[in-house]
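Undergrad: make a model of this:
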Amino acid sequence: MTAQKRPYRMKKRAELEEATRRRITESAVALHGTVGPARTSVSALAEHAGVRRSTVYRHFPDEASLFAACTAHWAAENPVPEIGAWAGIEDADERLRAALSALYPYYRRTAGMMENLIRDEPVSELVRKHFAAYRGYIEAAREALLQRRASRGRARTRERAAIGHALAFATWRSLALDEGLDDEQAVELVTRLVTCR
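TA: Purely as a prediction, here's the structure:
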């Protein structure tokens, strides 16, 4: 092999390796979104990606490295709504409406993955570890929604619980999937429930 062909072949090989790694990662995302992380085997992943099990292990030597790549890829494709987009709204009720109007369509787009992650969270340490970022996001959203609300004492405790309930995936799921409301209807209903005095 000539010295000129060697860099080209090395570059081509690196591109092929990167494409294989991406295919495995995308297959993990697809399987986690359909059957869930706890039910995704390396054999199923290899079959879905069209590679051997040994290829999966060459790119991801352990479950943690695969899960980290899968999480990063999925999060980049499905970013949570920016809290800053509505946190500055002065009126607390309008701020809640804006937050839910951003969050509920996100839940609709990501419902399959969210259901599987929530289901697998109690049985998978990796899911718990990576899903902690989502839990932190929801807590930060709740704190932003509690800002500039005048309630104190027990009323504040109830308001905190109501906002937490409003932000929960399970609340959206119940209203949108079980009861058939569209996201706008769900936002309006939950906003009224939280803001009734």
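Undergrad: what's the nearest residue to residue 66 if we skip its chain neighbours?
TA: Excluding the flanking residues, the one nearest residue 66 by CB to CB, 6 or more residues apart in numbering is residue 60, at 3.8 Å. Every C-beta, even on glycine, is put in place using the N, C-alpha and C of the backbone.
Undergrad: what separates that neighbour from residue 49, distance-wise?
TA: Distance check for residue 60 against residue 49: by CB to CB, to the nearest Å, it reads 11 Å.
Undergrad: low-scoring stretches of this structure, by residue?
TA: Along the chain, segments meeting pLDDT under 70 span 1-6, 8, 150-154, 197.
Undergrad: how about 80 then?
TA: 1-15, 148-156, 196-197 (pLDDT under 80).
Undergrad: all the helices of this protein, residue numbers only.
TA: Here the chain has its helices, by DSSP state H, at 5-34, 42-49, 53-59, 63-77, 84-87, 92-120, 125-146, 153-167, 169-173, 183-195.
Undergrad: would you mind putting the ones you listed into TSV with mean neighbour count alongside?
TA: Output for these, formatted as TSV (neighbours: other CB atoms under 10 Å):
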stretch	mean neighbour count
helix 5-34	15
helix 42-49	16
helix 53-59	15
helix 63-77	16
helix 84-87	14
helix 92-120	19
helix 125-146	16
helix 153-167	15
helix 169-173	19
helix 183-195	17
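Undergrad: about what we covered before: and for residue 60 and residue 49, which residues touch both?
TA: residue 24 (CB atoms under 8 Å, 6 or more residues apart in numbering).
Undergrad: can you pull the contacts of residue 34?
TA: By CB under 8 Å, 6+ apart, the residues touching residue 34 are 112, 116.
Undergrad: whoops, I mixed them up, residue 32
TA: 40, 70, 74, 113, 116-117.
Undergrad: ok, residue 147 - how many residues close by?
TA: Per other CB atoms under 10 Å, the neighbour tally for residue 147 reads 12.
Undergrad: give the contact list for it.
TA: 87, 92.
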